[in-house]
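Enquirer: Just to be clear, the model below is a prediction. Sequence and coordinates:
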There are 6 protein chains.
Amino acid sequence: MKVESLISRLEEIAPPGLAEEYDAGRIGLILKGSREVGRVAVALDPTPYAIRRAAEDGAGMLVTHHTLIWDPVSRISEELAHKLRLLLDNGLSLYTMHTNYDNAPGGVNDVLAGLIGLRSPEAFYGGRVGTVEEMSLRELACMASARLGCSVEYVGEESRMVRHVATVAGSGFRLALEHAKENRIDVVLSSELKHDVIRGRGEVALVSAPHYYTEAPAMRSLAERLNAIVPTVFIDDPPRIKTIKWDEIRERV
Amino acid sequence: MKVESLISRLEEIAPPGLAEEYDAGRIGLILKGSREVGRVAVALDPTPYAIRRAAEDGAGMLVTHHTLIWDPVSRISEELAHKLRLLLDNGLSLYTMHTNYDNAPGGVNDVLAGLIGLRSPEAFYGGRVGTVEEMSLRELACMASARLGCSVEYVGEESRMVRHVATVAGSGFRLALEHAKENRIDVVLSSELKHDVIRGRGEVALVSAPHYYTEAPAMRSLAERLNAIVPTVFIDDPPRIKTIKWDEIRERV
Amino acid sequence: MKVESLISRLEEIAPPGLAEEYDAGRIGLILKGSREVGRVAVALDPTPYAIRRAAEDGAGMLVTHHTLIWDPVSRISEELAHKLRLLLDNGLSLYTMHTNYDNAPGGVNDVLAGLIGLRSPEAFYGGRVGTVEEMSLRELACMASARLGCSVEYVGEESRMVRHVATVAGSGFRLALEHAKENRIDVVLSSELKHDVIRGRGEVALVSAPHYYTEAPAMRSLAERLNAIVPTVFIDDPPRIKTIKWDEIRERV
Amino acid sequence: MKVESLISRLEEIAPPGLAEEYDAGRIGLILKGSREVGRVAVALDPTPYAIRRAAEDGAGMLVTHHTLIWDPVSRISEELAHKLRLLLDNGLSLYTMHTNYDNAPGGVNDVLAGLIGLRSPEAFYGGRVGTVEEMSLRELACMASARLGCSVEYVGEESRMVRHVATVAGSGFRLALEHAKENRIDVVLSSELKHDVIRGRGEVALVSAPHYYTEAPAMRSLAERLNAIVPTVFIDDPPRIKTIKWDEIRERV
Amino acid sequence: MKVESLISRLEEIAPPGLAEEYDAGRIGLILKGSREVGRVAVALDPTPYAIRRAAEDGAGMLVTHHTLIWDPVSRISEELAHKLRLLLDNGLSLYTMHTNYDNAPGGVNDVLAGLIGLRSPEAFYGGRVGTVEEMSLRELACMASARLGCSVEYVGEESRMVRHVATVAGSGFRLALEHAKENRIDVVLSSELKHDVIRGRGEVALVSAPHYYTEAPAMRSLAERLNAIVPTVFIDDPPRIKTIKWDEIRERV
Amino acid sequence: MKVESLISRLEEIAPPGLAEEYDAGRIGLILKGSREVGRVAVALDPTPYAIRRAAEDGAGMLVTHHTLIWDPVSRISEELAHKLRLLLDNGLSLYTMHTNYDNAPGGVNDVLAGLIGLRSPEAFYGGRVGTVEEMSLRELACMASARLGCSVEYVGEESRMVRHVATVAGSGFRLALEHAKENRIDVVLSSELKHDVIRGRGEVALVSAPHYYTEAPAMRSLAERLNAIVPTVFIDDPPRIKTIKWDEIRERV
């Protein structure tokens, strides 16, 4: 199909007008390759691995959540040159949907809220807020781990019963926390938990999953939706974070 | 002793002129209590727990690394009011040394580099750089866990041999990484590892410990140094982050 | 009554949406004390005297026109600490209504315009404009002195007949003057008359009363209105400005 | 003499390099008239009266403290057009020395400090600080009135004995007050006393004289110095501020 | 007629609300002369020649496209003083219509588009876009030269056939070019062609005429329209740019 | 030779420290290709033609005066993608020297001043100033045409005798003119003459050559200097600006 027709579909799914202001110039068609697209690849980030896999798969376009160039450049670094060459030589277009897909119906935050099982989800400062069946904080953390498929951290009294939960895909603790306090929300679930957020949490419990696992499910979902109009594959490329556990080290020290 | 004499000593240890520019107005005497100080308490953060403990201990001054008010305020929130009342009613002074103590000789970064065992440490973009005896990345991560007393995460090939290491107390990956690439450094050790940093790490391995554990040792060391001139106690108040491990959850799913 | 109910009433009197943009963060509930308020105190400024008097009077809230912290702070000065302790130890809430009360119907500018006897008053660049019965500038100045209860200064030909008058509570000469010229207004009455305003007055006469006396009447009026729902007292605390008169000194020189 | 030679002399008296940064573009030769200057006129402000008097006196240059155009213009208002025409048609140059003359040795602040009789005067945040023979605040205010030739206002306990005094010509209370507190200064004398300054004065007494009378003496002194090289006249043009005294009105009310 | 009535007519022709934001303070009545205007002069720029001619012609107002003071001033340069004196001594008002007249119906861009013969002209990024009968680029350039009465330069294949043309009076290549690319426009005609614009033109041909000749026709047209209500003269004052042709020099070298 | 060695030589010729502040991030190695460079190409602009010619010539680096990306980008336009692919697929490095080479000894401005034959040239606001043997303005314009090899335009009395000349490579009229007036310079020679510069020229004559011809000679000179250490070719790629002469059109109209 024509690149233009595919873009029309992508803009229906994630209307550019829904993007936050700071995303100006960072979403949409970042690089234009061949005019005809027979296959599409979807990934969270335009990593060399994802680009190479997309090319091997015969894709004409790679759709990602994070863009290729965050801070505008006037030089081409070696890493960027490497990715650009992979894209250019394979005639791959790169299309990015970021906060517009975060905010879109059926987008990143809706998929995350759905995984956690939020009932009556509503928009809430970069994420969603809703209720879960009353359970302890620890039970909520375990459920999040099981549903997202990753380890999670949490801060708060583990036996405290919780019900009102805000979920924010990506790095959203600071903004959501500020408003969670005013709105008597029990828990904020997001990623990239920082020390000052923990210190300023007041009564709000915090559950943190790695950034990748809060957003990748929505890209997998996007691949399924696109597959209805053009063959589309999701490329999974999680960061490989390993952990040394203090419990195990302590014994040895 | 007089507050003024104590401050003179604190300024010798962490000269205000060493602070980063953005710390203007955020270091030094944040709140002035009694003029005479018979005992001193030291903590990483001015948490309600640390203030209460300092008061119970009869301290006239609490010295912290993080300040009471980061973003300047024109209203007093309930949390701030709570801390202020604890301080005011106990006649406690609050004194903050932040990036000046990070940068000072014998300060936060020197203590961290010392714990990791960096040889020939030098200043390096908010932290220190030096060498360790050649070991695998995994061995380095285990050593960091053992020395800091906490779990650590790492990204990179675990068997890769490393020798040139940069350590940055607090949240320092982004800046240090940028320069680590140019300087052929093998590993950056810091805290609050973010997704975009992992994606942009290139060849550099990353080791991340919780913020608290990279900085608290230097506050303990400060308490020991002050104890030579006035009775001083270190108040340990780590954030209680709990982990649900995917390895254990996976089996249950 | 509950703090929340009282605030609802205060917001009816001075809707926050009427505030000038620069007042963002400087109006409303600045500090929250006890949840129940049995008595209220009103004053122009949160001076130590006004806070102490409010506490002695058993008030649960002090309502002022000027706020506690104009320029946002990241340290607590001794003067601020002194006021905060008085407020905190007495469980006093502090609530500020500034430009929202200036602009509100029945607010600061309406009370001032009423005292001067402006007919058909309309909003005018931070104040009100209207007409008075034709009189000489000197007669207007005398009337202002009598009605506000303070000395006043004026600039302009004393015998000139005036009729169109703009009154601006607080420090409002510069903005009002600029537009008074275009609108053929005879006199601007405000406070804190500066040299450059006098030099740039063109044909417009100027009458200046001390800042306090142009605004305090509206706080007294507020106390009367609140008294209908909760016992309320107005605390009068004018600055004590004394004058050495050149006429008397000249003879001695 | 040549305009250029006269300017050289003016720059010796008030070196442009001593001006505050905000005066950039507002000092020096503001308008160039005839190349030859046989007589000079000096005034505090370029009022129509001062320009007309300078022209009648046959002056080729008018030297003022305050400039003709404070906020840069892209239109010519009627008032500015009026002054410009007076200047242009009389071939008058206009030269301004503002904060450079405030700060210069023998300049505005030195003349004011000399009139008040400060001993060992030193530079102090836009003014001078020094000592006077110990006297009561009221006595200091009376002396200021007698020496400056105008009414003065003061705030503080009239019988309090004072010795350390800061004097700032023009409108200098806010900046000087801030530092007066730290430096245990008894009194700040300046002009254009504002309500918030009174409220924030702490222990510092304040004496306020009209702006004109704190600066005009230095322009008279300048005229005398210039007269040594070219016939120079000082044009006195005080603002005519009249006062209605509450003491007298009160009886009538 | 009264200045005010004349201004009403000028505002009908070029409504101030049509001006670009950066023109704030730069359009309208820049200097007010006599209240009665018996004759009007129109010119592109307020040059000394145009002002003198307007005065000789007995005009009470000079209407120009470019203003007297572009960058706001706080000093009066000799050149500005010269023009101001000519205006002031002749009681001439100066009125400027700039981007409001560019954008107005029948204004600068409409007159230019009319001269070039654009069909179905529409607003286009500071100019107009429309079609011409298909002709070669060279033919278009020749036609522009003939209609504007000046030499023109062009860049592009001379025999290429063109039809969609954007015309922008004054200096408008950069903005128009950016959008011409997206809109498959064949040619942009404007003035002040810069090297970087040529380098970034892509497929778009460029025709450049001197700034004066793209705008002066609209001022001539304005004079004709005003003449219907008050005697009005257009003052033609083109810059005298001379050319040394390489073709002729080459032979001599 | 190694890219690094070549860069060392380029930095000797045009030290980065000489660049204007706005060139930060726009000079130096913009894109890194092969590590070994056997041949070098030099051009004014990185046009597709110049890149292709450099590649055909077997160059490993293209050195230009103007950079590839002026305004930093977060997307890759089709034109940029086209150039990047040409560079990447040919392993070409791109190195830019802009204002650093303008200002360097023997750099762009020195080469231009040398061509015009300035005697005792000195740095002058982005260019050079010096003297020529006295000649008429027209003679100077003819000489410039002959030496630069292009048509030139001039403004000013053609028979006026000139001697003090400022030359500024590239687009430098505005800044140089401002200072030429104060320094009694007869002529400014630069490129991209704009209408407002002509109107504000006062007594200063202006000579304008196309941007390309004022800077390309210095790139040719650079190629010759580099040739001493590595085979280097200069690629000439002037913009093809054609002119329709009014003199010839007029007759036909």
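Expert: Arrived safely.

Enquirer: in the stretch 101-250 of chain A, what residue is nearest chain F?
Expert: residue A:101 (17.2 Å; C-beta to the nearest C-beta). Every C-beta, even on glycine, is put in place using the N, C-alpha and C of the backbone.

Enquirer: ok, now how distant is that residue from residue A:15?
Expert: 9 Å (C-beta to C-beta, to the nearest Å).

Enquirer: Give me the more crowded residue out of those two.
Expert: It is residue A:101, of residue A:101 and residue A:15, that has more neighbours when counted by other C-beta atoms under 10 Å in any protein chain shown, with 28 against 16.

Enquirer: I'd assumed the residue of the stretch 101-250 of chain A closest to chain F was in a helix, is it?
Expert: Yes. Per DSSP: H, G, I helix; E, B strand; the rest coil, residue A:101 lies within a helix segment.

Enquirer: Not counting sequence-adjacent ones, nearest residue to it?
Expert: In space, and not counting its chain neighbours, residue A:101 is closest to residue A:14: 3.9 Å by C-beta to C-beta, 6 or more residues apart in numbering or on different chains.

Enquirer: Any part of the one helix or strand residue A:10 maps to near chain E?
Expert: Using DSSP states H and E, residue A:10 maps to helix A:3-13. No. Using C-beta under 8 Å from any C-beta of the partner chain, we find that helix A:3-13 stays clear of chain E, coming within 13.2 Å at best.

Enquirer: Pull out the buried residues from that helix.
Expert: Across helix A:3-13, burial judged by 16 or more other C-beta atoms under 10 Å in any protein chain shown covers A:3, A:6, A:7, A:10, A:13.

Enquirer: Could you dump the residues you listed into TSV with pLDDT added?
Expert: Output for the buried residues of helix A:3-13, formatted as TSV (pLDDT from 0 to 100):
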residue	pLDDT
A:3	96
A:6	98
A:7	98
A:10	98
A:13	98
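
Enquirer: Out of those, which is nearest to chain D?
Expert: For the buried residues of helix A:3-13, the nearest to chain D is residue A:7 (45.4 Å; C-beta to the nearest C-beta).

Enquirer: show me the contacts for the residue nearest to that closest one when sequence neighbours are not counted.
Expert: Distances taken as C-beta to C-beta, 6+ apart place residue A:29 nearest to residue A:7, at 6.4 Å, with adjacent residues excluded. Residues in contact with residue A:29 (C-beta atoms under 8 Å, 6 or more residues apart in numbering or on different chains) are A:3, A:7, A:93, A:94, A:95, F:75.

Enquirer: and residue A:29, that one's in a strand?
Expert: Yes. Judged by three-state DSSP, residue A:29 forms part of a strand.

Enquirer: Going along the chain, name the helices of the stretch 151-253 of chain A.
Expert: With DSSP state H, counting those that start in this stretch as the criterion, the stretch 151-253 of chain A has helices at A:173-182, A:195-199, A:211-227, A:246-252.

Enquirer: Just give the closest residue to the residue nearest the centre of chain A, not the sequence neighbours.
Expert: Closest to where the C-alpha atoms of chain A average out (C-alpha atoms, centre = their mean) is residue A:215, at 2.2 Å. The spatially closest residue to residue A:215, leaving aside those adjacent along the chain, is residue A:169, at 5.0 Å (C-beta to C-beta, 6+ apart).

Enquirer: does that neighbour really touch residue A:112, like I thought?
Expert: Yes. Counting by C-beta atoms under 8 Å, residue A:169 does reach residue A:112; the two are 4.7 Å apart.

Enquirer: Name the residues contacting each of the two.
Expert: The contact lists of residue A:169 and residue A:112 share A:127, A:214, A:215, A:218, where a contact means C-beta under 8 Å, 6+ apart.

Enquirer: ok, now which ones touch the third one?
Expert: What it means is residue A:215. A:44, A:65, A:108, A:112, A:169, A:170.

Enquirer: What's the local residue count around the residue nearest to residue A:84 when sequence neighbours are not counted?
Expert: For residue A:84, ignoring the flanking residues on the chain, the nearest one in space by C-beta to C-beta, 6+ apart is residue F:84 at 6.0 Å. Close neighbours of residue F:84, defined as other C-beta under 10 Å, add up to 24.

Enquirer: And residue A:22, by the same measure?
Expert: 9.

Enquirer: Same question for residue A:109.
Expert: Residues lying near residue A:109 (other C-beta under 10 Å) number 28.

Enquirer: Is it correct that it is in contact with residue A:100?
Expert: No. Assessed by C-beta under 8 Å, residue A:109 is found out of contact with residue A:100, at 11.6 Å.

Enquirer: need the shared contacts of residue A:169 and residue A:112 in TSV with pLDDT, can you?
Expert: TSV is the format used below for the shared contacts of residue A:169 and residue A:112 (pLDDT from 0 to 100):
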residue	pLDDT
A:127	97
A:214	98
A:215	98
A:218	98
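
Enquirer: Neighbour-wise, which one of the residues you listed leads?
Expert: Going by other C-beta under 10 Å, residue A:214 tops the shared contacts of residue A:169 and residue A:112 with 32 neighbours.

Enquirer: related to what we said a few turns ago, helix, strand, or coil at the residue nearest to residue A:84?
Expert: helix.

Enquirer: repeat for residue A:111
Expert: Going by three-state DSSP: residue A:111 is helix.

Enquirer: Contact partners for the nearest residue to it once chain neighbours are set aside?
Expert: Nearest in space to residue A:111, with sequence neighbours left out and distances taken as C-beta to C-beta, 6+ apart, is residue A:218 at 4.0 Å. For residue A:218, the contacting residues are A:65, A:101, A:107, A:108, A:110, A:111, A:112, A:169, by C-beta under 8 Å, 6+ apart.

Enquirer: Farthest pair within the residues you listed?
Expert: A:65 and A:110 (14.1 Å; C-beta to C-beta).

Enquirer: Would you mind listing what in the stretch 101-250 of chain A touches chain B?
Expert: So the stretch 101-250 of chain A meets chain B at A:138, A:141-142, A:144-146, A:149-155, A:158, A:171, A:191-196, A:198-200, A:202, A:210-212, A:239-247, A:249-250 (C-beta under 8 Å from any C-beta).

Enquirer: Narrow these to those that are buried.
Expert: Going by neighbour count (16+ other C-beta under 10 Å), these have A:138, A:141-142, A:144-146, A:149-155, A:171, A:191-195, A:198-200, A:210-212, A:239, A:241, A:243-244, A:246, A:249 buried.

Enquirer: Would you mind measuring from the residue nearest to residue A:84 to chain E?
Expert: Computed as C-beta to the nearest C-beta, to the nearest Å, the residue F:84 to chain E distance reads 15 Å.

Enquirer: wouldn't that residue be in contact with residue A:80 here?
Expert: No. Taking C-beta under 8 Å as the definition, residue F:84 is not a contact partner of residue A:80, at 9.8 Å.

Enquirer: Residue in chain A with the shortest distance to chain C?
Expert: residue A:182 (12.4 Å).

Enquirer: That residue: how many residues sit nearby?
Expert: Look at residue A:182: counted by other C-beta under 10 Å, it has 7 neighbours.

Enquirer: got it, and residue A:162?
Expert: 23.

Enquirer: which residues sit in contact with it?
Expert: Residue A:162 touches A:132, A:134, A:135, A:136, A:137, A:140, A:186, A:187, A:205, counting by C-beta under 8 Å, 6+ apart.

Enquirer: Need the max-distance pair from those.
Expert: Longest span within those, C-beta to C-beta: A:134 and A:205, 13.5 Å.

Enquirer: Compare these two (neighbour count), which wins?
Expert: residue A:205 (22 against 12).

Enquirer: list the contacts for that one?
Expert: A:137, A:154, A:155, A:156, A:157, A:160, A:162, A:186, A:187, A:188.

Enquirer: what's the pLDDT at the last one?
Expert: In the predicted model, residue A:188 carries a pLDDT score of 98.
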